[in-house]
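Enquirer: Whatever this is, show me its structure:
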Amino acid sequence: MDKLLSIIQWFYNLLWGDLITIPLPSGSSIGLSLLVIILIPAGIFFTIKTKFLPFRLFPEMLKTAVEKKKSTEKHSISGVQALIISTATRVGMGNLVGVVAAISVGGAGAVFWMWITALLGSATAFAEATLAQIYKEKDPLYGGYRGGPAYYIHHFFTQKTKKKKSIIAILFAISGLICWCGISQVIGNSVSSSFRNAFSIPPLYTTLALVIISAIIVLRKNATVKVLDIVVPIMASLYFLMTLFVIIKNITLVPAVFQQIFEEAFGFKQAVAGGFGAVLMNGVKRGLFSNEAGSGSAPCAAAAADIEHPAKEGLLQAFGVFIDTILICTCSTMIMLLTPASLTAGQEGMGLLQAAMNFHMGQFGVIFIAITLWLFSFSTFIGILFYARSNVSYLFGDNWLSQTLYKVVALIMLFIGGMAAYTFVWDVGDIGVGLMTVFNMIALIPLSSKVIESLKDYESRYLKK
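Expert: Numbering: from 1, shown residues only. This next block holds a predicted model:
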């Protein structure tokens, strides 16, 4: 066990540890990890290449998101359904546990850097979703389409060699499966602990219920999309409305909260203590884990969409980043920062968020967060197993045995996580996301010309009439 923990820690430090340290005039410093060095420049690159798409085409994103055009291919999903699946995994653990972790370690200022990461990440999300559409394939098992980074990485590296597999694509697919198993454990543990706090229910009962309900859905052929179509809009709307209630109730304190976020974001308070690097790094890291832009997760859903133009799905996935980080993560932020610090002192994880909701809404707030976390986690779990379809197919071919075995393994990890709090599972999730990002970017940047070509074609056909 100690050796396993050492290996996990080594990989975590490689990806998220300080690769470069930049000293600041105040005496503090900023430690830049490999992932920050990759993702922030990539976000800037795609933002510039797309001519500031997240801002310029935001109205088009909204317009596309409210369209209700159905898919025409049998068993395929629409572009909006693909957005709902990716939102199910984005609007999940990162929005509750991830935001709590970022603020606990990096303070309120970490939230600002989550916002910046999201704005830059929107352009990256557009690029990877567009490529996923360009290189999607027919799915002989589930019907409709499949694809994602493993497939466009494969095309990039084998278009000349004509090899059956690409090493980088294989590594991406394996990294994704490892990541999603790690996240499964985090989901199980967070749900069982929140239900114990809210209802005093033993973890065994909560975990069994979560595993059984999840199994009924994921082991059926095409139940995932139907369930998420119902659950995701309801859970996101309820959480948003509850936050609005908290904000209105504490409206006089809201300006002070934003002042705190901006002051701490630039280290006005942290500079003396040398903590500006922690603020920046925790915001960026949790921003990535929350919105997943650049990691290659969401394109696994984007590729499944039956949509009239690749760039249209790109716009939808860019909008998904906005929903996740700018909207839902900010909801968690306001709930926490509108709570007196004395009431949350010494708390961490879900206990901290539940203590905040207890202040705002009493025991009902604690129960609401527990149920919300259950819905967020449940939708995340079945969403990541939808992602896993294409990776499993790329690695093991089109057969039901490999598809079912991975689902069973994920369900076991969900159960194990619910029964025991392994502190390293966040690290496993971060490692998986990190490796996916590295392998994804190897092909994403070189294929950027295909993205821009698709964007220009979309604008000429749909926006210049």
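
Enquirer: Low-confidence ranges, the stretch 151-300 of the chain, go.
Expert: For the stretch 151-300 of the chain, the stretches with pLDDT under 70 are 267-291.

Enquirer: quick one, helices of it?
Expert: 167-199, 203-218, 223-249, 254-265, 270-273, 276-291, 299-302 (DSSP state H, counting those that start in this stretch).

Enquirer: ok now the last one, how far from the chain's centre?
Expert: In this view, helix 299-302 has its centroid 12 Å away from the chain centroid, taken as Cα atoms, centre = their mean, to the nearest Å.

Enquirer: tell me what the helix or strand that that helix is followed by is packed against?
Expert: Later in the chain than helix 299-302, the nearest helix or strand by DSSP states H and E is helix 310-321. Here helix 310-321 touches helix 58-66, helix 79-90, helix 109-134, helix 299-302, helix 448-458, going by 3 or more Cβ pairs under 8 Å, 6 or more residues apart in numbering; DSSP states H and E. The C-beta positions use only the backbone N, C-alpha and C, and glycine is treated the same way.

Enquirer: Pipe the ones you listed into CSV and attach distance to Pro203 and mean neighbour count per row.
Expert: Output for these, formatted as CSV (distance: least, Cβ to Cβ, whole Å; neighbours: other Cβ atoms under 10 Å):
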stretch, distance to Pro203, mean neighbour count
helix 58-66, 38, 15
helix 79-90, 23, 27
helix 109-134, 29, 28
helix 299-302, 30, 32
helix 448-458, 45, 17
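
Enquirer: So for Phe322, which of the ones you listed sits nearest?
Expert: helix 109-134 (6.4 Å; Cβ to Cβ).

Enquirer: Give me the angle between the closest one and helix 79-90.
Expert: 140 degrees (axes from the mean of the first three to the mean of the last three Cα atoms, to 10 degrees).

Enquirer: didn't Arg389 look like it was pressed against Tyr145?
Expert: No. Judged on Cβ atoms under 8 Å, Arg389 makes no contact with Tyr145 at a distance of 10.8 Å.

Enquirer: Among these two, which residue is more densely surrounded?
Expert: In terms of neighbours (other Cβ atoms under 10 Å), Tyr145 is the more surrounded of Arg389 and Tyr145; the figures are 24 against 21.

Enquirer: Grab the nearest non-local neighbour of that one.
Expert: Leaving aside its sequence neighbours, Tyr145 sits nearest to Lys136 (Cβ to Cβ, 6 or more residues apart in numbering; 4.6 Å).

Enquirer: Tell me, how many residues neighbour the nearest residue in space to Phe112 that is not next to it in sequence?
Expert: Among residues not flanking Phe112 along the chain, Ala265 sits closest, at 3.5 Å (Cβ to Cβ, 6+ apart). Neighbourhood size, Ala265 [other Cβ under 10 Å]: 24.

Enquirer: My read is that Ala265 contacts Trp115, right?
Expert: No. At 9.0 Å, Ala265 and Trp115 do not qualify as touching, with contact defined as Cβ under 8 Å.

Enquirer: Residues in contact with both of Arg389 and Tyr145, list them for me.
Expert: Asp139 (Cβ atoms under 8 Å, 6 or more residues apart in numbering).

Enquirer: so how far is Lys164 from Asn399?
Expert: Applying Cβ to Cβ, to the nearest Å, the value for Asn399 to Lys164 is 16 Å.
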